[in-house]
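>>> can't give you the sequence, but here's the structure:
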(Lines give C-alpha, C1' and ligand atoms only; values in the text may rest on other atoms or scores of the structure.)
Protein backbone atom coordinates (compact mmCIF):
# COMPACT_ATOMS: atom_id res chain seq x y z
CA UNK A 1 0.00 0.00 0.00
CA UNK A 2 1.35 3.41 -0.96
CA UNK A 3 0.99 6.12 1.66
CA UNK A 4 1.93 9.78 1.66
CA UNK A 5 3.91 9.50 4.86
CA UNK A 6 7.22 10.76 6.04
CA UNK A 7 8.19 7.47 7.65
CA UNK A 8 6.89 4.55 9.63
CA UNK A 9 8.58 4.29 13.01
CA UNK A 10 9.45 0.92 14.45
CA UNK A 11 11.53 -0.77 17.10
CA UNK A 12 13.25 0.20 20.30
CA UNK A 13 12.44 -0.23 23.96
CA UNK A 14 11.07 3.24 24.54
CA UNK A 15 13.99 4.21 26.77
CA UNK A 16 15.43 7.70 26.50
CA UNK A 17 18.54 8.97 28.25
CA UNK A 18 18.38 12.51 29.61
CA UNK A 19 21.45 14.70 30.08
CA UNK A 20 21.78 15.48 33.77
CA UNK A 21 21.64 19.25 33.18
CA UNK A 22 18.51 19.25 31.01
CA UNK A 23 14.95 19.24 32.36
CA UNK A 24 13.25 19.16 28.96
CA UNK A 25 13.82 17.38 25.74
CA UNK A 26 11.78 19.97 23.90
CA UNK A 27 14.35 20.75 21.20
CA UNK A 28 17.55 22.61 20.53
CA UNK A 29 18.49 26.20 19.79
CA UNK A 30 21.92 26.83 18.34
CA UNK A 31 23.04 23.39 19.50
CA UNK A 32 21.99 23.99 23.13
CA UNK A 33 19.21 21.90 24.69
CA UNK A 34 16.22 24.02 25.77
CA UNK A 35 16.12 23.92 29.56
CA UNK A 36 12.46 24.82 30.06
CA UNK A 37 9.42 22.78 31.12
CA UNK A 38 5.78 23.40 31.99
CA UNK A 39 6.86 23.26 35.66
CA UNK A 40 9.98 25.33 35.21
CA UNK A 41 12.87 23.97 37.27
CA UNK A 42 10.50 21.45 38.88
CA UNK A 43 9.87 19.59 35.62
CA UNK A 44 12.75 17.14 35.74
CA UNK A 45 11.97 16.33 39.37
CA UNK A 46 8.30 15.64 38.61
CA UNK A 47 9.19 13.45 35.63
CA UNK A 48 11.69 11.63 37.82
CA UNK A 49 8.96 10.64 40.27
CA UNK A 50 7.71 8.26 37.59
CA UNK A 51 11.15 7.54 36.19
CA UNK A 52 12.38 6.67 32.73
CA UNK A 53 11.66 2.96 32.77
CA UNK A 54 8.38 1.08 32.43
CA UNK A 55 5.66 1.76 34.98
CA UNK A 56 4.72 -0.73 37.67
CA UNK A 57 2.04 -2.43 35.56
CA UNK A 58 3.68 -2.03 32.18
CA UNK A 59 3.66 -5.19 30.07
CA UNK A 60 7.25 -4.24 29.27
CA UNK A 61 8.24 -5.17 32.82
CA UNK A 62 10.31 -8.41 32.76
CA UNK A 63 7.97 -10.12 35.23
CA UNK A 64 5.13 -10.04 32.69
CA UNK A 65 5.43 -12.62 29.93
CA UNK A 66 3.48 -13.40 26.79
CA UNK A 67 2.15 -16.54 28.44
CA UNK A 68 0.59 -14.40 31.21
CA UNK A 69 -0.95 -11.81 28.87
CA UNK A 70 -4.54 -12.30 30.03
CA UNK A 71 -3.62 -12.15 33.70
CA UNK A 72 -1.57 -9.00 33.20
CA UNK A 73 -4.40 -7.35 31.27
CA UNK A 74 -6.96 -8.11 33.99
CA UNK A 75 -4.68 -6.68 36.65
CA UNK A 76 -3.77 -3.57 34.69
CA UNK A 77 -7.33 -2.86 33.56
CA UNK A 78 -8.62 -3.21 37.08
CA UNK A 79 -6.08 -0.65 38.24
CA UNK A 80 -7.04 1.76 35.43
CA UNK A 81 -10.70 1.35 36.33
CA UNK A 82 -9.98 2.13 39.98
CA UNK A 83 -8.09 5.29 39.06
CA UNK A 84 -10.68 6.48 36.52
CA UNK A 85 -13.36 6.77 39.24
CA UNK A 86 -16.12 6.18 36.71
CA UNK A 87 -19.85 6.59 37.30
CA UNK A 88 -21.55 3.34 38.27
CA UNK A 89 -24.08 1.33 36.31
CA UNK A 90 -24.20 0.28 32.71
CA UNK A 91 -26.16 -1.45 30.04
CA UNK A 92 -27.51 -0.31 26.72
CA UNK A 93 -29.52 2.91 26.97
CA UNK A 94 -33.03 3.01 25.53
CA UNK A 95 -32.63 4.94 22.31
CA UNK A 96 -35.68 6.78 21.05
CA UNK A 97 -35.93 7.25 17.30
CA UNK A 98 -36.56 10.95 16.61
CA UNK A 99 -36.85 10.52 12.87
CA UNK A 100 -35.28 8.56 10.01
CA UNK A 101 -34.60 9.49 6.44
CA UNK A 102 -32.41 8.89 3.41
CA UNK A 103 -29.45 11.11 2.61
CA UNK A 104 -26.70 10.77 0.03
CA UNK A 105 -26.97 7.02 -0.34
CA UNK A 106 -27.40 6.35 3.38
CA UNK A 107 -30.14 5.31 5.74
CA UNK A 108 -30.01 7.80 8.61
CA UNK A 109 -31.54 7.59 12.08
CA UNK A 110 -31.60 10.53 14.46
CA UNK A 111 -31.58 9.07 17.98
CA UNK A 112 -31.80 10.26 21.55
CA UNK A 113 -31.19 8.49 24.85
CA UNK A 114 -31.11 9.49 28.49
CA UNK A 115 -28.39 8.73 31.01
CA UNK A 116 -28.79 8.96 34.80
CA UNK A 117 -27.53 12.57 34.72
CA UNK A 118 -27.48 15.57 32.42
CA UNK A 119 -29.53 16.38 29.32
CA UNK A 120 -30.46 13.67 26.76
CA UNK A 121 -27.74 12.47 24.40
CA UNK A 122 -28.23 13.10 20.70
CA UNK A 123 -26.83 10.53 18.30
CA UNK A 124 -27.00 9.63 14.62
CA UNK A 125 -26.79 6.19 13.04
CA UNK A 126 -25.80 5.57 9.42
CA UNK A 127 -25.82 2.53 7.19
CA UNK A 128 -25.89 2.05 3.42
CA UNK A 129 -29.30 2.18 1.77
CA UNK A 130 -30.61 -1.29 1.15
CA UNK A 131 -28.08 -2.95 3.46
CA UNK A 132 -29.25 -6.30 4.78
CA UNK A 133 -28.13 -8.53 7.61
CA UNK A 134 -25.66 -7.71 10.34
CA UNK A 135 -23.04 -5.19 9.31
CA UNK A 136 -19.55 -4.49 10.64
CA UNK A 137 -19.80 -1.32 12.70
CA UNK A 138 -17.71 1.59 13.92
CA UNK A 139 -18.30 3.93 16.84
CA UNK A 140 -17.13 7.25 15.39
CA UNK A 141 -15.78 9.54 18.12
CA UNK A 142 -15.83 13.27 17.44
CA UNK A 143 -12.98 15.60 18.33
CA UNK A 144 -12.61 18.31 20.97
CA UNK A 145 -11.14 21.14 18.90
CA UNK A 146 -12.04 23.79 21.48
CA UNK A 147 -15.58 23.62 20.11
CA UNK A 148 -18.05 22.37 22.72
CA UNK A 149 -21.20 23.80 21.17
CA UNK A 150 -20.96 21.12 18.47
CA UNK A 151 -20.44 17.41 18.93
CA UNK A 152 -21.50 14.78 16.41
CA UNK A 153 -21.97 17.45 13.72
CA UNK A 154 -18.18 17.80 13.50
CA UNK A 155 -17.76 14.47 11.72
CA UNK A 156 -21.19 13.80 10.19
CA UNK A 157 -23.63 15.36 7.75
CA UNK A 158 -27.40 15.04 7.84
CA UNK A 159 -28.13 17.35 4.92
CA UNK A 160 -26.38 19.50 2.34
CA UNK A 161 -27.14 22.54 4.52
CA UNK A 162 -24.05 22.48 6.72
CA UNK A 163 -23.43 25.12 9.38
CA UNK A 164 -20.62 27.42 8.12
CA UNK A 165 -18.50 26.70 11.20
CA UNK A 166 -18.81 22.97 10.65
CA UNK A 167 -18.05 23.34 6.97
CA UNK A 168 -14.78 25.07 7.88
CA UNK A 169 -14.10 22.54 10.63
CA UNK A 170 -14.42 19.61 8.25
CA UNK A 171 -12.33 21.42 5.65
CA UNK A 172 -9.55 22.17 8.15
CA UNK A 173 -9.38 18.77 9.84
CA UNK A 174 -11.08 16.18 7.64
CA UNK A 175 -10.27 17.00 4.02
CA UNK A 176 -13.64 18.62 3.51
CA UNK A 177 -15.72 15.50 4.19
CA UNK A 178 -17.77 14.04 7.04
CA UNK A 179 -15.76 10.89 7.67
CA UNK A 180 -18.58 9.11 9.52
CA UNK A 181 -20.71 9.32 6.36
CA UNK A 182 -17.80 8.26 4.16
CA UNK A 183 -17.17 5.17 6.26
CA UNK A 184 -20.85 4.21 6.26
CA UNK A 185 -20.93 4.42 2.46
CA UNK A 186 -18.12 1.88 2.48
CA UNK A 187 -20.48 -0.73 3.96
CA UNK A 188 -20.41 -0.04 7.69
CA UNK A 189 -22.98 0.74 10.33
CA UNK A 190 -21.70 3.90 12.00
CA UNK A 191 -22.87 5.52 15.23
CA UNK A 192 -21.86 9.04 16.27
CA UNK A 193 -22.98 10.51 19.59
CA UNK A 194 -22.39 13.71 21.50
CA UNK A 195 -19.68 13.24 24.13
CA UNK A 196 -19.88 14.48 27.71
CA UNK A 197 -20.04 18.32 27.66
CA UNK A 198 -20.33 18.59 23.86
CA UNK A 199 -23.33 19.33 21.66
CA UNK A 200 -26.52 18.11 23.32
CA UNK A 201 -24.48 17.19 26.42
CA UNK A 202 -22.93 20.64 26.84
CA UNK A 203 -23.36 22.73 29.97
CA UNK A 204 -26.21 25.17 29.53
CA UNK A 205 -25.60 28.70 30.69
CA UNK A 206 -28.95 28.79 32.48
CA UNK A 207 -27.74 25.95 34.70
CA UNK A 208 -24.71 27.73 36.18
CA UNK A 209 -24.53 30.63 38.65
CA UNK A 210 -24.43 34.15 37.26
CA UNK A 211 -20.98 34.70 38.74
CA UNK A 212 -19.70 32.02 36.36
CA UNK A 213 -21.97 32.94 33.46
CA UNK A 214 -20.45 36.44 33.30
CA UNK A 215 -23.48 37.91 31.59
CA UNK A 216 -23.30 35.51 28.64
CA UNK A 217 -26.64 34.55 27.09
CA UNK A 218 -27.69 31.13 25.81
CA UNK A 219 -27.17 30.51 22.10
CA UNK A 220 -30.53 31.09 20.38
CA UNK A 221 -29.99 31.40 16.65
CA UNK A 222 -26.70 29.53 16.07
CA UNK A 223 -25.00 32.71 14.96
CA UNK A 224 -21.24 32.41 14.73
CA UNK A 225 -20.75 35.19 17.26
CA UNK A 226 -22.94 33.48 19.84
CA UNK A 227 -21.36 30.08 19.29
CA UNK A 228 -17.84 31.50 19.43
CA UNK A 229 -18.67 33.28 22.69
CA UNK A 230 -20.02 30.04 24.14
CA UNK A 231 -16.96 28.04 23.05
CA UNK A 232 -14.65 30.62 24.62
CA UNK A 233 -16.62 30.47 27.86
CA UNK A 234 -16.66 26.65 27.83
CA UNK A 235 -12.89 26.55 27.38
CA UNK A 236 -12.42 28.83 30.38
CA UNK A 237 -14.82 26.65 32.35
CA UNK A 238 -12.74 23.48 31.93
CA UNK A 239 -10.74 24.04 35.12
CA UNK A 240 -13.94 24.45 37.14
CA UNK A 241 -15.37 21.31 35.55
CA UNK A 242 -12.28 19.25 36.37
CA UNK A 243 -12.14 20.49 39.97
CA UNK A 244 -15.85 19.89 40.48
CA UNK A 245 -15.64 16.35 39.12
CA UNK A 246 -12.72 15.56 41.41
CA UNK A 247 -14.75 16.90 44.34
CA UNK A 248 -17.47 14.45 43.34
CA UNK A 249 -15.07 11.51 43.37
CA UNK A 250 -14.94 11.37 39.57
CA UNK A 251 -12.44 12.02 36.80
CA UNK A 252 -13.19 13.56 33.42
CA UNK A 253 -11.72 10.58 31.49
CA UNK A 254 -13.79 8.25 33.66
CA UNK A 255 -17.00 10.05 32.76
CA UNK A 256 -16.42 10.23 29.02
CA UNK A 257 -15.32 6.58 28.95
CA UNK A 258 -18.47 5.52 30.81
CA UNK A 259 -20.64 7.43 28.34
CA UNK A 260 -18.77 6.06 25.32
CA UNK A 261 -19.27 2.54 26.66
CA UNK A 262 -23.02 3.18 26.92
CA UNK A 263 -23.02 4.22 23.26
CA UNK A 264 -21.07 1.05 22.47
CA UNK A 265 -23.66 -0.96 24.41
CA UNK A 266 -26.38 0.48 22.21
CA UNK A 267 -24.47 -0.05 18.97
CA UNK A 268 -23.74 -3.69 19.81
CA UNK A 269 -27.39 -4.29 20.75
CA UNK A 270 -28.77 -3.35 17.33
CA UNK A 271 -30.09 -6.25 15.22
CA UNK A 272 -28.42 -4.84 12.10
CA UNK A 273 -24.95 -4.78 13.73
CA UNK A 274 -22.53 -7.69 14.04
CA UNK A 275 -21.31 -7.19 17.62
CA UNK A 276 -18.29 -9.38 16.88
CA UNK A 277 -17.06 -6.90 14.24
CA UNK A 278 -17.05 -3.47 15.89
CA UNK A 279 -14.33 -0.82 15.82
CA UNK A 280 -13.83 2.76 16.95
CA UNK A 281 -11.84 5.73 15.70
CA UNK A 282 -11.37 9.42 16.26
CA UNK A 283 -9.10 12.41 15.80
CA UNK A 284 -7.67 14.46 18.66
CA UNK A 285 -10.21 14.33 21.48
CA UNK A 286 -11.74 11.42 19.57
CA UNK A 287 -8.29 9.84 19.55
CA UNK A 288 -8.08 10.31 23.32
CA UNK A 289 -11.47 8.65 23.68
CA UNK A 290 -10.21 5.83 21.43
CA UNK A 291 -7.21 5.31 23.72
CA UNK A 292 -9.40 4.77 26.78
CA UNK A 293 -12.31 2.94 25.12
CA UNK A 294 -10.25 0.61 22.96
CA UNK A 295 -7.82 -0.01 25.80
CA UNK A 296 -10.62 -0.87 28.22
CA UNK A 297 -13.19 -2.77 26.17
CA UNK A 298 -12.48 -5.84 24.04
CA UNK A 299 -15.72 -5.36 22.12
CA UNK A 300 -13.63 -2.90 20.11
CA UNK A 301 -12.08 -5.41 17.74
CA UNK A 302 -10.18 -2.84 15.68
CA UNK A 303 -9.11 0.65 16.74
CA UNK A 304 -7.73 3.72 14.98
CA UNK A 305 -6.25 6.49 17.14
CA UNK A 306 -5.60 9.65 15.11
CA UNK A 307 -3.56 12.68 16.18
CA UNK A 308 -3.51 11.84 19.88
CA UNK A 309 -0.47 9.75 20.70
CA UNK A 310 2.48 10.74 22.85
CA UNK A 311 3.78 10.04 26.37
CA UNK A 312 3.01 11.35 29.84
CA UNK A 313 6.52 12.85 29.77
CA UNK A 314 5.54 14.95 26.76
CA UNK A 315 2.45 16.24 28.53
CA UNK A 316 4.40 16.95 31.71
CA UNK A 317 7.47 18.62 30.28
CA UNK A 318 6.34 20.15 27.03
CA UNK A 319 2.71 20.16 26.03
CA UNK A 320 0.21 20.25 28.89
CA UNK A 321 -0.72 23.82 27.92
CA UNK A 322 -1.99 22.62 24.54
CA UNK A 323 -4.37 20.02 26.00
CA UNK A 324 -7.72 19.73 27.71
CA UNK A 325 -8.31 18.56 31.27
CA UNK A 326 -9.93 15.51 29.62
CA UNK A 327 -6.52 13.84 29.35
CA UNK A 328 -5.46 13.33 32.92
CA UNK A 329 -5.96 10.50 35.42
CA UNK A 330 -4.26 11.10 38.79
CA UNK A 331 -1.76 8.39 39.67
CA UNK A 332 -1.96 6.50 36.38
CA UNK A 333 1.51 7.45 35.05
CA UNK A 334 3.13 5.50 37.90
CA UNK A 335 1.55 2.33 36.55
CA UNK A 336 1.23 2.84 32.78
CA UNK A 337 2.54 5.31 30.25
CA UNK A 338 -0.09 7.00 28.08
CA UNK A 339 0.35 4.73 25.01
CA UNK A 340 0.17 1.70 27.29
CA UNK A 341 -3.45 2.54 28.09
CA UNK A 342 -4.21 1.82 24.43
CA UNK A 343 -1.76 -1.09 24.61
CA UNK A 344 -4.06 -2.83 27.11
CA UNK A 345 -5.93 -4.16 24.06
CA UNK A 346 -2.97 -6.18 22.76
CA UNK A 347 -3.15 -8.38 20.66
CA UNK A 348 -6.25 -6.79 19.08
CA UNK A 349 -5.56 -4.80 15.88
CA UNK A 350 -4.54 -1.18 16.47
CA UNK A 351 -3.57 1.61 14.09
CA UNK A 352 -2.04 4.87 15.32
CA UNK A 353 -1.75 7.83 12.94
CA UNK A 354 0.37 10.90 13.69
CA UNK A 355 0.99 14.23 11.95
CA UNK A 356 4.63 15.20 11.81
CA UNK A 357 4.02 18.95 12.25
CA UNK A 358 1.34 18.54 14.90
CA UNK A 359 1.84 21.38 17.43
CA UNK A 360 0.07 19.40 20.17
CA UNK A 361 2.98 16.97 20.60
CA UNK A 362 6.73 16.75 20.21
CA UNK A 363 7.66 14.47 17.34
CA UNK A 364 10.29 12.61 19.35
CA UNK A 365 7.80 11.67 22.06
CA UNK A 366 5.28 10.51 19.46
CA UNK A 367 8.08 8.34 18.09
CA UNK A 368 8.86 7.07 21.58
CA UNK A 369 5.18 6.21 22.07
CA UNK A 370 5.40 4.15 18.88
CA UNK A 371 8.42 2.31 20.21
CA UNK A 372 6.53 1.53 23.41
CA UNK A 373 3.53 0.19 21.52
CA UNK A 374 5.78 -1.79 19.15
CA UNK A 375 7.53 -3.43 22.10
CA UNK A 376 4.22 -4.40 23.68
CA UNK A 377 2.91 -5.99 20.50
CA UNK A 378 6.18 -7.78 19.76
CA UNK A 379 6.29 -9.18 23.28
CA UNK A 380 2.73 -10.46 22.84
CA UNK A 381 3.75 -12.04 19.50
CA UNK A 382 1.29 -9.79 17.69
CA UNK A 383 3.56 -7.37 15.82
CA UNK A 384 1.51 -7.71 12.63
CA UNK A 385 -1.57 -6.33 14.42
CA UNK A 386 -0.03 -2.97 15.24
CA UNK A 387 0.84 -0.19 12.83
CA UNK A 388 1.96 3.39 13.39
CA UNK A 389 2.24 5.90 10.56
CA UNK A 390 3.50 9.48 10.40
CA UNK A 391 2.03 11.87 7.84
CA UNK A 392 3.37 15.28 6.79
CA UNK A 393 1.41 18.31 7.91
CA UNK A 394 -0.38 19.67 10.98
CA UNK A 395 -3.11 18.24 13.24
CA UNK A 396 -5.67 16.52 10.98
CA UNK A 397 -7.38 13.36 9.73
CA UNK A 398 -7.28 14.11 6.02
CA UNK A 399 -8.26 12.00 3.02
CA UNK A 400 -5.02 9.95 2.74
CA UNK A 401 -5.21 9.18 6.47
CA UNK A 402 -8.87 8.22 6.16
CA UNK A 403 -8.01 5.91 3.28
CA UNK A 404 -5.49 4.05 5.41
CA UNK A 405 -7.85 3.96 8.40
CA UNK A 406 -10.77 2.64 6.34
CA UNK A 407 -8.59 -0.03 4.74
CA UNK A 408 -7.45 -1.01 8.24
CA UNK A 409 -11.08 -1.54 9.25
CA UNK A 410 -11.73 -3.47 6.05
CA UNK A 411 -8.82 -5.77 6.84
CA UNK A 412 -9.87 -6.57 10.40
CA UNK A 413 -13.65 -6.13 10.45
CA UNK A 414 -14.63 -7.37 7.00
CA UNK A 415 -12.07 -10.11 6.47
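Thanks, I have the structure now. Please read all numbers here as calculations on a predicted model, not as lab measurements.
>>> Longest strand of this protein, counting residues only.
Across the chain, the strand with the greatest residue count (assigned by DSSP state E) is strand 273-283.
>>> chain center to whichever helix or strand comes after that strand, what's the gap?
Sequence order places helix 285-296 as the next helix or strand after strand 273-283, per DSSP states H and E. Here helix 285-296 is found 4 Å from its chain centre; the criterion is CA atoms, centre = their mean, to the nearest Å.
>>> Which secondary structure elements does helix 285-296 sit against?
helix 69-84, strand 135-141, helix 252-269, strand 273-283, strand 302-306, helix 338-342 (3 or more CB pairs under 8 Å, 6 or more residues apart in numbering; DSSP states H and E). In this view, the C-beta of every residue, glycine as well, is placed from N, C-alpha and C.
>>> With mean pLDDT and distance to residue 405 as added columns, please give these in TSV.
Below are these laid out as TSV (pLDDT from 0 to 100; distance: least, CB to CB, whole Å):
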stretch	mean pLDDT	distance to residue 405
helix 69-84	97	25
strand 135-141	99	10
helix 252-269	98	18
strand 273-283	98	6
strand 302-306	98	5
helix 338-342	98	15
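>>> quick one, which of the ones you listed is nearest to residue 385?
strand 302-306 (9.2 Å; CB to CB).
>>> which outside residues touch that closest one?
The contact list for strand 302-306, computed with CB atoms under 8 Å, 6 or more residues apart in numbering, reads 279-284, 286-287, 290-291, 294, 342, 345, 348-353, 397, 401, 405, 408-409, 412-413.
>>> what ranges of this structure fall below the confidence cut-off?
The chain contains residues with pLDDT under 70 at 1-35.
>>> how about the strands of it, start to end?
Under DSSP E, the chain gives strands at 28-29, 32-33, 96-103, 106-113, 121-128, 135-141, 189-193, 273-283, 302-306, 350-355, 386-391.
>>> so which of these comes closest to residue 251?
strand 135-141 (18.0 Å).
>>> just checking, what packs against that closest one?
helix 179-185, strand 189-193, helix 252-269, strand 273-283, helix 285-296.
>>> Next, the buried residues of it.
Counting neighbours by 16 or more other CB atoms under 10 Å, one finds that the buried residues in strand 135-141 are 135, 136, 137, 138, 139, 140, 141.
>>> got it, and stretch 228-238?
Those would be 230, 231, 233, 234, 237, 238, for stretch 228-238 by 16+ other CB under 10 Å.
>>> Could you check how far the fifth one is from residue 208?
When distances are taken as CB to CB, to the nearest Å, residue 237 and residue 208 turn out to be 8 Å apart.
>>> cool, the last one as well?
Shown here: residue 238 relative to residue 208, a distance of 13 Å by CB to CB.
>>> Export the buried residues of stretch 228-238 to TSV and append columns for distance to residue 122.
Formatted as TSV, the buried residues of stretch 228-238 follow (distance: CB to CB, whole Å):
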residue	distance to residue 122
230	17
231	18
233	21
234	17
237	21
238	22
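>>> now, the most widely separated pair of those residues?
Taking CB to CB, no two of the buried residues of stretch 228-238 sit farther apart than 230 and 238, at 13.4 Å.
>>> returning to that earlier point: nearest to residue 182, out of the helices and strands packed on helix 285-296?
Among the helices and strands packed on helix 285-296, strand 135-141 sits nearest to residue 182 (CB to CB), with 10.2 Å.
>>> Check what contacts stretch 206-222 and list those residues.
149, 163, 204, 205, 226, 227, 229, 230, 233, 237, 240.
>>> So which of the residues you listed belong to helices?
226, 227, 229, 230, 233, 240 (DSSP state H).
>>> Distance check, the closest residue to the fifth one other than its chain neighbours against residue 231.
Right, residue 233. In space, and not counting its chain neighbours, residue 233 is closest to residue 216: 5.5 Å by CB to CB, 6 or more residues apart in numbering. Between residue 216 and residue 231 the computed distance is 11 Å (CB to CB).
>>> Same check on residue 371?
Looking at residue 371 against residue 231, where the rule is CB to CB, the gap reads 36 Å.
>>> Over to residue 156?
19 Å.
>>> One more: residue 310?
25 Å.
>>> ok, for residue 61, nearest residue in space, not its chain neighbours?
Using CB to CB, 6+ apart, the closest residue to residue 61 is residue 54 (5.2 Å).
>>> The one you found is in contact with residue 62, isn't it?
No. If you go by CB atoms under 8 Å, residue 54 and residue 62 don't touch, sitting 9.0 Å apart.
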